[in-house]
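In: pasting the structure only:
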């Protein structure tokens, strides 16, 4: 059975999830595009079709955390 091609949005979420796992397991020093590609089962080039750099991936993760925190704070403020 052939692998299905993921949408860009799904693939970006998978990349961010893999980055979080690598950082959790190995710290920032363990985060390389080679390790990331291996974790995802993709080529390094495939990662860079979705993100220009590791810094951009981290920036997206930080934006997600910020959004989650703001949502949680709004819930607390309304209760």
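Out: In hand now; what should we look at? Bear in mind that the values here come from a model prediction, so they are computed numbers and not experimental data.
In: And the residue nearest the centre of this protein?
Out: Closest to where the C-alpha atoms of the chain average out (CA atoms, centre = their mean) is residue 16, at 0.6 Å.
In: my guess is residue 15 contacts residue 49, does it?
Out: No: using CB atoms under 8 Å, residue 15 is not in contact with residue 49, being 10.3 Å away. (Glycine included, C-beta is placed from N, CA and C.)
In: So for these two, which residue has more residues nearby?
Out: Taking neighbours as other CB atoms under 10 Å, residue 15 and residue 49 compare with residue 15 leading, 22 against 11.
In: quick one: pLDDT of that one?
Out: Reported pLDDT at residue 15 in the predicted model: 97.
In: heads up, I number from 102, so please use that
Out: I'll keep to 102 as the first residue from here, and by that count the last item is residue 116.
In: List the residues that contact it.
Out: 137, 141, 148, 151, 152, 158 (CB atoms under 8 Å, 6 or more residues apart in numbering).
In: Distance of it relative to residue 142?
Out: Separation of residue 116 from residue 142 (CB to CB, to the nearest Å): 12 Å.
In: likewise residue 148?
Out: Residue 148 sits at a distance of 11 Å from residue 142 (criterion: CB to CB).
In: More neighbours: those two, which one.
Out: The neighbour count for residue 148 versus residue 142, taken as other CB under 10 Å, is higher for residue 148 (22 against 10).
In: Secondary structure element holding that one?
Out: helix 145-149 (DSSP states H and E).
In: Likewise for residue 175?
Out: helix 155-179.
In: The helix holding residue 148: which residues count as buried?
Out: By 16 or more other CB atoms under 10 Å, the buried positions in helix 145-149 come out as residue 148.
In: packing partners for it?
Out: Secondary structure elements in contact with helix 145-149, counted by 3 or more CB pairs under 8 Å, 6 or more residues apart in numbering; DSSP states H and E, are helix 134-141.
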